[in-house]
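**Student:** Sharing a sequence plus its predicted fold:
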Amino acid sequence: MIASIIFGIFLITGSTFFFINSKKIRRNILLGKDISITDNKLQRLKVMTLVALGQKKMFAKPIPAVLHLFLYTAFVITQIELIEIVLDGFTGHHRIFRASLGGFYTCIVSFIEIVSVLAFIGTIAFLSRRNLLKVPRLVKSELNGWPKLDANLILIGELVLICFIFMMNGADEVLYAKGASHAQNLGDGSLGLTVSSHIGPLLFGGLSNESLHIVERIGWWGHITIVFAFLNYLPFSKHLHILLAFPNTYFSNLKAKGEFKNLFEVTDVVKPNFDPTYQSVLDPNAHIKFGAKDVMDLTWKQLLDAYSCTECGRCSAACPQNITGKALSPRKIMMDTRDRLVEVGKNIDANKGTFVDDGKSLLGDYIKQEEIWACNTCNACVQECPVNIDPLSIIMDLRQQLVLEQSSAPNELNGMFTNLENNGAPWQFSPADRANWIHEQ
Amino acid sequence: MTAIKVPTMQEKIAKGETPDILFWVGCSGSFDDRAKKITKAIVRILNHVGANFAVLGVEESCTGDPAKRAGNEFLFQMQAMQNITILNGYAVKKIVTGCPHCFNTIKNEYPELGGKYEVIHHTQLVQQLIDEGKLKVQGGAFKGKKIVYHDPCYLGRANDVYEAPREIIQKLDVELAEMKRSRADGLCCGAGGAQMFKEAEKGTKEVNVERAEEALSHNPDIIAVGCPFCNTMMTDGVKHFNKEDKTKVMDVAELIASANEL
């Protein structure tokens, strides 16, 4: 009874905090400019199914893809077990589904155990890749400090979680064999769990019934505690990708990657020069801001991108400029965008719901011009991202801000603009000479 | 070598003729000495198959691509609408471009601004001509040579055109080698995003050197490209390693024109 009440308080508090923090993230994302993405619903579902659920793009690198699949499958499958844990927690039952589901129950829990073992192996491998093998993209400077700790905390948390699962099931197997488990005895002598029926006796075989019950309870409570801890850790961690990968891929760009958006604010001004019948629709006296200086100037989709990033660095490992030692790192662009957005969110929280200018901005305080101007707009980062994040669109918005609002393009580019304006070519050639090649045999 | 025939749109219209296809040359193809050779190779192919085509000549102007990628949307749209006005004035339906940047911009960014055309890259045109039986391709001087193909970003990743250039090259009876970073994983030559027109930022290496090194690791006779900017960057990269005597950088159109002795 007391256990049920404690569990209830636990569940409600954990869920409430998660709900509050999720709402904050939603609010932060919606600080972005509104854009409408309501087209091609079927195709979007298909992209989401393939890329988020099916992890299609992960398989560009098969070894990490398989290891990641172990963790991912374990995560998804464990949710089924959680249903029982929650029901047991509330009702005081023990393995409430076992009697009614019979062999099917054994099958599911055994499957969970097998993927948990695989996830354990995957987690050890991931920790090694980060801390021992030092895979280049996982040790770059933008990960120093919290991002590295964040990654390790998640992985260590997963290891502990898996240990708790096997404490719970292993001790219960030993108890069941002795006829002392709280699970309903079906006269079969074993819970039949593929992994625990072997490692249970091995690890806990010599313990007294009392100790076994304690081990089992530590496993049970430890498991659910880690689950709630994870849930509440998500909004503050790169691990949020496990949830946001789904909406992010659903809303991702379906057009050709080479198509950059045309600014309607510009079209509305330029078009009357070429089409006298065109009626401008925007108020000529309204101040229009071009490009993005801060996170509020980006769209909600770009901000969703930022929260969806798990800092894997495949974008930067494919970036021609990052490979050749330049300051530009698409991953850093996404991390900076998120970090600035979090800062803006905290500012709003501290100022009763309104943002008070802090004299800072994404462009300048987080992302430097040197990074922006290095970009080749080659789309390698966009191509590589396993959850369809588009760092390039942010880079382009920042460039537009620099050129159209601050007139601070590099001198050579200003020269190119002048040539283009005067000669219709990026170089200083006369437009009258454009067809000379025809006669130069 | 016979003289090339390059009618302009103006000349065609004056004669009461309507060209089937407009050849969009691009700035590099019009002004850069190396790229002009690619332009002429495309023209020779068009002449060879008797294509009813025209160019805009002095009426052509930059698509605005470098301005747009550099963040100057005003300049881009000014260029775009100026070009669209001319193209629509001639009622152009189909365009072949000699440059993936022009290809991408006209194909993807002009429609919304009022310029709707069927746009193909010259490698796609060559493939169509081969498929239709209008162009026969044999290895000629290239037979048995080793060729590495470098994907231009704005043809490959930007528009998913990976196969047309490869299929053409394979028709030449050559050994086509693939770099580790190819197709969707292709590495940029370093020119895109208006980098062609400025110095690189501080770093440890030039992008074109990184890419040329990868291509040269296959010890090819030819590095094939489909973009005049990639051509410049890869040529410079090959020179960086003093390999210009062994490895030539050529456009796919040049390979075809040369193999057919056009």
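**Tutor:** All right, it came through fine.
**Student:** What residues does the stretch 101-250 of chain A have near chain B?
**Tutor:** Within reach of chain B by Cβ under 8 Å from any Cβ of the partner chain, the stretch 101-250 of chain A has no residues at all. C-beta: built from backbone N, CA, C; applies to glycine.
**Student:** Show me the helices in the stretch 101-250 of chain A, by range?
**Tutor:** A:103-131, A:146-177, A:196-204, A:209-233, A:241-250 (DSSP state H, counting those that start in this stretch).
**Student:** What are the buried residues along the first one?
**Tutor:** Residues of helix A:103-131 classed as buried: A:105-106, A:108-110, A:112-120, A:122-123, A:125-127, A:129-130 (neighbour count, 16 or more other Cβ atoms under 10 Å in any protein chain shown).
**Student:** again with the shortest one
**Tutor:** Residues of helix A:196-204 classed as buried under the neighbour-count rule (16+ other Cβ under 10 Å) are A:196, A:197, A:199, A:200, A:203, A:204.
**Student:** Next: the second one.
**Tutor:** Of the residues in helix A:146-177, those buried by neighbour count under the rule 16+ other Cβ under 10 Å are A:147, A:150-151, A:154-155, A:157-158, A:161-177.
**Student:** name the helices or strands packed onto that helix?
**Tutor:** In this structure, helix A:146-177 makes packing contacts with helix A:62-91, helix A:103-131, helix A:196-204, helix A:209-233, judged by 3 or more Cβ pairs under 8 Å, 6 or more residues apart in numbering or on different chains; DSSP states H and E.
**Student:** correct me, but residue B:81 touches residue A:270?
**Tutor:** Yes - with contacts defined as Cβ atoms under 8 Å, residue B:81 counts as touching residue A:270 at a distance of 6.0 Å.
**Student:** confidence score at the residue nearest to residue B:28 when sequence neighbours are not counted?
**Tutor:** Once flanking residues are discounted, residue B:28 sits nearest to residue B:228: 3.8 Å by Cβ to Cβ, 6 or more residues apart in numbering or on different chains. If you check residue B:228, the pLDDT there is 98.
**Student:** Neighbours of residue B:228, how many?
**Tutor:** Using other Cβ atoms under 10 Å in any protein chain shown, residue B:228 is surrounded by 30 other residues.
**Student:** In this structure it contacts residue B:32, no?
**Tutor:** Yes - with contacts defined as Cβ under 8 Å, residue B:228 counts as touching residue B:32 at a distance of 6.3 Å.
**Student:** before we move on, back to that, contacts only, for the residue nearest to residue B:28.
**Tutor:** For residue B:228, the contacting residues are B:26, B:28, B:29, B:32, B:34, B:35, B:38, B:98, B:99, B:251, taking Cβ atoms under 8 Å, 6 or more residues apart in numbering or on different chains as the criterion.
**Student:** Just the buried residues of these.
**Tutor:** Neighbour counting over those (16+ other Cβ under 10 Å) leaves B:26, B:28, B:29, B:32, B:35, B:38, B:98, B:99, B:251 as the buried ones.
**Student:** Among these, which are located in strands?
**Tutor:** residue B:251 (DSSP state E).
**Student:** CSV for the buried ones among the contacts of residue B:228, including pLDDT?
**Tutor:** Compiled in CSV, the buried ones among the contacts of residue B:228 are given as follows (pLDDT from 0 to 100):
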residue, pLDDT
B:26, 98
B:28, 98
B:29, 98
B:32, 97
B:35, 98
B:38, 98
B:98, 97
B:99, 98
B:251, 98
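**Student:** Dump the buried ones among the contacts of residue B:228 into CSV; add distance to residue A:48 as well.
**Tutor:** What follows is the buried ones among the contacts of residue B:228, written out as CSV (distance: Cβ to Cβ, whole Å):
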residue, distance to residue A:48
B:26, 38
B:28, 40
B:29, 41
B:32, 44
B:35, 43
B:38, 42
B:98, 39
B:99, 35
B:251, 40
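**Student:** is it possible to export the helices and strands packed on helix A:146-177 to CSV including mean pLDDT and distance to residue A:337?
**Tutor:** Formatted as CSV, the entries for these read as follows, by pLDDT from 0 to 100; distance: least, Cβ to Cβ, whole Å:
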stretch, mean pLDDT, distance to residue A:337
helix A:62-91, 92, 24
helix A:103-131, 96, 23
helix A:196-204, 96, 45
helix A:209-233, 95, 21
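**Student:** how about TSV for those helices, with distance to residue A:437 added?
**Tutor:** Putting those into TSV (distance: least, Cβ to Cβ, whole Å) gives the following:
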stretch	distance to residue A:437
helix A:62-91	48
helix A:103-131	54
helix A:196-204	77
helix A:209-233	63
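**Student:** And the helices in the stretch 101-250 of chain B?
**Tutor:** B:122-131, B:163-170, B:207-216, B:228-240.
**Student:** pLDDT score assigned to residue B:41?
**Tutor:** Per-residue confidence at residue B:41 stands at 97 (pLDDT).
**Student:** go on, residue B:118?
**Tutor:** Confidence per residue is given as pLDDT, and for residue B:118 that number is 98.
**Student:** picking up where we left off before, which one of the buried ones among the contacts of residue B:228 is nearest residue A:416?
**Tutor:** residue B:28 (13.1 Å; Cβ to Cβ).
**Student:** Wait, the closest one touches residue B:230, no?
**Tutor:** No - in this structure, residue B:28 sits apart from residue B:230 without contact. The criterion is Cβ under 8 Å, and the distance is 10.4 Å.
**Student:** Can you get me a residue count around residue A:13?
**Tutor:** The local packing of residue A:13 (other Cβ under 10 Å) involves 12 other residues.
**Student:** Contacts only, for the closest residue to chain B within the stretch 51-200 of chain A.
**Tutor:** Proximity of the stretch 51-200 of chain A to chain B (Cβ to the nearest Cβ) peaks at residue A:60, 7.5 Å away. When contacts are counted by Cβ under 8 Å, 6+ apart, residue A:60 is found next to A:314, A:384, B:185.
**Student:** Show me how the record splits chain B into domains.
**Tutor:** Recorded structural domains for chain B (assignment: automatic domain parsing) are B:9-128, B:137-259.
**Student:** and residue A:420, which of these is closest to it?
**Tutor:** domain B:9-128 (5.6 Å).
**Student:** Now do the end-to-end distance for that closest one.
**Tutor:** The first residue of domain B:9-128 is 23 Å away from its last residue (Cα to Cα, to the nearest Å).
**Student:** Can you report how many residues neighbour residue 63?
**Tutor:** As the question left the chain open, I've gone with chain A. Other residues within reach of residue A:63, judged by other Cβ under 10 Å, total 9.
**Student:** To clarify, I was referring to chain B.
**Tutor:** For residue B:63, the tally of surrounding residues (other Cβ under 10 Å) stands at 26.
**Student:** What strand or helix carries it?
**Tutor:** Counting by DSSP states H and E, no helix or strand carries residue B:63.
**Student:** what's the pLDDT at it?
**Tutor:** Residue B:63 is assigned a pLDDT of 98 by the prediction.
**Student:** what's the distance between it and residue A:414?
**Tutor:** Remark: distance between residue B:63 and residue A:414 (Cβ to Cβ, to the nearest Å) = 20 Å.
**Student:** how close does residue A:89 sit to residue A:165?
**Tutor:** In terms of Cβ to Cβ, residue A:89 sits 15 Å off from residue A:165.
**Student:** same deal with residue B:95?
**Tutor:** Plainly put, residue B:95 is 62 Å away from residue A:165 if you go by Cβ to Cβ.
**Student:** do residue A:7 as well
**Tutor:** Applying Cβ to Cβ, the value for residue A:7 to residue A:165 is 18 Å.
**Student:** any idea how far chain B is from residue A:417?
**Tutor:** Counting by Cβ to the nearest Cβ, to the nearest Å, the separation of residue A:417 from chain B is 6 Å.
**Student:** OK, contacts around that residue?
**Tutor:** A:409, B:67, B:70, B:72, B:75.
**Student:** can I assume the second one is in contact with residue B:79?
**Tutor:** Just to be clear, that refers to residue B:67. Yes - counting by Cβ under 8 Å, a contact exists between residue B:67 and residue B:79, whose distance comes to 6.6 Å.
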